[in-house]
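Asks: my questions are about this predicted structure, shown below with the sequence.
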Amino acid sequence: MNQTAEKAVAAYGGKELWSNAKTIEAEVSAHGLAFQMKGRPFFEHARISMEVARPFSRLTPIGKDPQVAGVLDGSDTRLEDQNGKALAERKGARRFFPGGLGRLFHWDDLDMAYFANYAFWNYFTLPALLMRENIEWKEIQPGWLEANFPESIPTHSKIQRFRFDLKTGLLIQHDYTAEVISKLATAANVVMEHKQGDGYLYPSRRLVTPRSPSGKALPGPTLIAITVHDFQVK
């Protein structure tokens, strides 16, 4: 790893923690224009369970029914009831985005299961992502990393940039294009707050807004605001 990545992994708990991490359990709330544009309810204290080593995440509830979870399993999505029984499934979920006029104004539960789960999986497993050999990390300037993601990892866009604090190593801003929404959906995901976990720090509040051509996070509108109420690495 380069110096910036080394410092970031250390800031978020260290190599040993993230090399041995199996799962993440979290409780989150999220709201913003991105939900409203797709006719989706906000997340209010939703529960997330994910694996660290591979793109697998389960978010409950995914929609209006409190008993229905949305699951990302690699490139596929499905809906499950509270007993884990599959209710619906969509193979190769990425190929359905951004879609036609119907998807422009409305996402169903399987659409949201794909987007929300891969987004949270990327955000929450970042320290481990920095150590993955199938992601090409390049230090473009001190504190700035550019990532080139393989097709095997569901994510916002192939090329993304991450800005870390030079002193602390903590994430400041994550830049990407949310291609499942639109090729024009350039965004700045700014970390507003960190909290202390059991031997590690984690971003507890994020604000996603449009990004200017110069890379600056615009003050609004709020595309997505995320609050992490609880975060446990196991």
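Replies: Alright, I've got the coordinates. Residues are numbered from 1 along each chain as shown.

Asks: which residues sit against stretch 9-20?
Replies: If you take C-beta atoms under 8 Å, 6 or more residues apart in numbering as the criterion, stretch 9-20 is touched by 1, 52, 126-128, 130-131, 164, 168-170, 197, 199-202, 233. Heads up, the C-betas are built off the backbone N, CA and C, glycines and all.

Asks: in helices, which of those fall?
Replies: Counted as lying in helices by DSSP state H, out of the contacts of stretch 9-20, are 126-128.

Asks: most neighbours, which of those?
Replies: Pro127 (26 neighbours; other C-beta atoms under 10 Å).

Asks: quick check: the gap between the spatially most central residue of the chain and Asn83.
Replies: With distances taken as C-alpha atoms, centre = their mean, the chain has Ala119 as the residue nearest its mean C-alpha position (2.5 Å). Note on Ala119: its distance to Asn83, by C-beta to C-beta, to the nearest Å, is 26 Å.

Asks: what of Asp65?
Replies: Distance, Asp65 to Asn83, using C-beta to C-beta: 14 Å.

Asks: dump the residue contacts of Trp107.
Replies: Contacts of Trp107 (C-beta under 8 Å, 6+ apart): 38-40, 115.

Asks: farthest-apart pair in the residues you listed, please.
Replies: Gly39 and Phe115 (13.3 Å; C-beta to C-beta).

Asks: looking at those two, which one has more neighbours?
Replies: Phe115 (24 against 11).

Asks: helix/strand/coil for that one?
Replies: helix (DSSP: H, G, I helix; E, B strand; the rest coil).

Asks: that one contacts Val180, correct?
Replies: Yes: contact status for Phe115 versus Val180: in contact at 5.6 Å, counting by C-beta atoms under 8 Å.

Asks: which helices and strands sit right next to the helix or strand hosting the residue nearest to the centre of the chain?
Replies: Assigned by DSSP states H and E, Ala119 falls within helix 109-124. Here helix 109-124 touches strand 23-31, strand 43-51, strand 56-60, strand 69-73, strand 76-80, strand 86-90, strand 201-210, going by 3 or more C-beta pairs under 8 Å, 6 or more residues apart in numbering; DSSP states H and E.

Asks: tell me who's in contact with Val228.
Replies: Applying C-beta under 8 Å, 6+ apart to Val228 gives the contacts 26-28, 195, 202-205.

Asks: are any of these buried, and which?
Replies: When burial is judged by neighbour count using 16 or more other C-beta atoms under 10 Å, the buried members of the contacts of Val228 are 26, 28, 202-204.

Asks: rebuild those as TSV, extending it with pLDDT and distance to Phe149.
Replies: Listed next are the buried ones among the contacts of Val228 as TSV, based on pLDDT from 0 to 100; distance: C-beta to C-beta, whole Å:
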residue	pLDDT	distance to Phe149
Ala26	98	22
Val28	98	23
Tyr202	98	22
Pro203	98	19
Ser204	98	25
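
Asks: quick one: which of those residues is nearest Leu145?
Replies: Nearest to Leu145 among these, with distances taken as C-beta to C-beta, is Pro203, at 15.8 Å.
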